[in-house]
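**Q** okay, here's the prediction I keep looking at, along with the sequence it came from:
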Amino acid sequence: MGGVITGFATISVIIAVGYAAGRFDVLGDNGRQVLTRLAFSIATPALLFTVMAEADLSVILSAPLVVTALSTFAAALLFVVVASVRRWGVGYSTMGALCASYVNAGNLGIPIAAYVLGDASLVAPVLLLQQLFIAPVALTIFDITTAEERPGVWRQLTSPFRNPVVVGSLLGLAVNVAGVPVPTVVMDPVALIGGMSVPAVLLAFGISLRGRALPGRGPDRWPVLLSVLIKVTVQPFLAWIIGAGLFGLSGETLFAVVVVAALPAAQNLFTYASRYDIGTTLARDSVLLSTILAAPALVVVTVLLR
């Protein structure tokens, strides 16, 4: 359990620093917006380039990836069905579906995989899935739904390639597939810039909490509670059912898949929400509540499957 505690403690401290910065107005009125833009346009693309350039692409055809994909899509679909009935809108429903299924595989998943599962590379399948498929699709939807005029077919098709987060991932993948070694003089600066991504996201998240009501209240209450319920309980349960029942996974492999599914919603969802001004409260509250509840959820998973 040391990895779980360490991972959550690290995130909590940085968020608390961000909250203090907002409370005492250290970064001024536009501090959160600047950090969000820095993370979205520069730091996160650099981070994803280094991650994808060094990822083990053999996991693409692995059973754990298929289980992760199926449980992720099922969790997202469950939210979308409810959102369609409630008519919450395409952009807002997309953000809610992400909050219900898009796991924090980077800044929380990696340390937990390293300390709890004993192998940080076990989060690689979900990282590949999210960065190569889910993120491009979701960001394209946001680009289209927030455009002042309905974009043409060509603009819709090329929208992912104008998004810095997607471009960073695709460039890293291209380098990986081609087997082209990136010179140290290039990779080191990119890695250094990428290192700003997680702190910037967490600090911006902390600043956003200043002066806010308790999460799970207000007009976004039910979408928030629905996304958190799906993320914390339904998605890991689906991963267990699909992994054990359909693919016959067991032991450490099944445990790893369920642990990854039980991770909370990723903090960069708040960055996306802020960038496109879609479901900001939904993203912030869902990330906060799922992060708080993920710790006991991971303890339960460990007790049941270990």
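**A** Happy to help now that I have it.
**Q** from what I can see residue 127 touches residue 104, true?
**A** No: using C-beta atoms under 8 Å, residue 127 is not in contact with residue 104, being 10.8 Å away. C-betas here are computed from N, CA, C, even on glycine.
**Q** which one's more surrounded, these two?
**A** When residue 127 and residue 104 are compared for neighbours, residue 104 comes out ahead with 25 against 22, by other C-beta atoms under 10 Å.
**Q** for the more buried one, what are its contacts?
**A** 263-267, 291 (C-beta atoms under 8 Å, 6 or more residues apart in numbering).
**Q** can you list contacts of the helix or strand hosting residue 81?
**A** Under the criterion of DSSP states H and E, residue 81 resides in helix 63-86. Helix 63-86 is contacted from outside by 59, 92-93, 96-103, 122, 125-126, 128-129, 134, 222-223, 226-227, 230-231, 234-236, 238-239, 242-243, 246-247, 249, 253, 256-257, 260-261, using C-beta under 8 Å, 6+ apart.
**Q** repeat for stretch 131-138
**A** 48, 51-52, 72, 94, 98, 102, 160, 163, 165-166, 169-170, 173, 272.
**Q** can you tell me the SS state at residue 138?
**A** Per DSSP: H, G, I helix; E, B strand; the rest coil, the local secondary structure of residue 138 is helix.
**Q** tell me the pLDDT of it.
**A** Per-residue pLDDT puts residue 138 at 90.
**Q** I'd like to know how far it sits from residue 98.
**A** Separation of residue 138 from residue 98 (C-beta to C-beta, to the nearest Å): 6 Å.
**Q** overlap in contacts, those two.
**A** residue 272.
**Q** those two - which one has more neighbours?
**A** The neighbour count for residue 138 versus residue 98, taken as other C-beta under 10 Å, is higher for residue 98 (28 against 22).
**Q** quick check: chain neighbours aside, which residue is closest to the more buried one?
**A** residue 269 (5.4 Å; C-beta to C-beta, 6 or more residues apart in numbering).
**Q** gap between that neighbour and residue 295?
**A** 19 Å.
**Q** of the two, give the one with the bigger neighbour count.
**A** Neighbour totals were compared for residue 269 and residue 295, and residue 269 leads with 24 against 16 (other C-beta under 10 Å).
**Q** just the mean pLDDT for stretch 185-200, thanks.
**A** In the prediction, stretch 185-200 has an average pLDDT of 90.
**Q** CA atoms only: put that stretch into CSV for me.
**A** In CSV, the C-alpha atoms belonging to stretch 185-200 read as follows (Å, rounded to 0.1, in the frame of the first residue of the first chain):
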residue,chain,number,x,y,z
VAL,A,185,20.6,17.4,-27.6
VAL,A,186,16.9,17.2,-28.7
MET,A,187,15.4,14.8,-26.2
ASP,A,188,16.8,16.3,-23.1
PRO,A,189,15.2,19.8,-23.6
VAL,A,190,11.9,18.1,-24.6
ALA,A,191,12.0,15.9,-21.5
LEU,A,192,12.8,18.9,-19.4
ILE,A,193,9.9,20.9,-20.8
GLY,A,194,7.6,17.9,-20.5
GLY,A,195,8.5,17.7,-16.8
MET,A,196,6.5,20.9,-16.3
SER,A,197,3.3,19.3,-17.4
VAL,A,198,2.1,17.4,-14.3
PRO,A,199,3.1,20.2,-11.8
ALA,A,200,1.4,22.8,-14.0
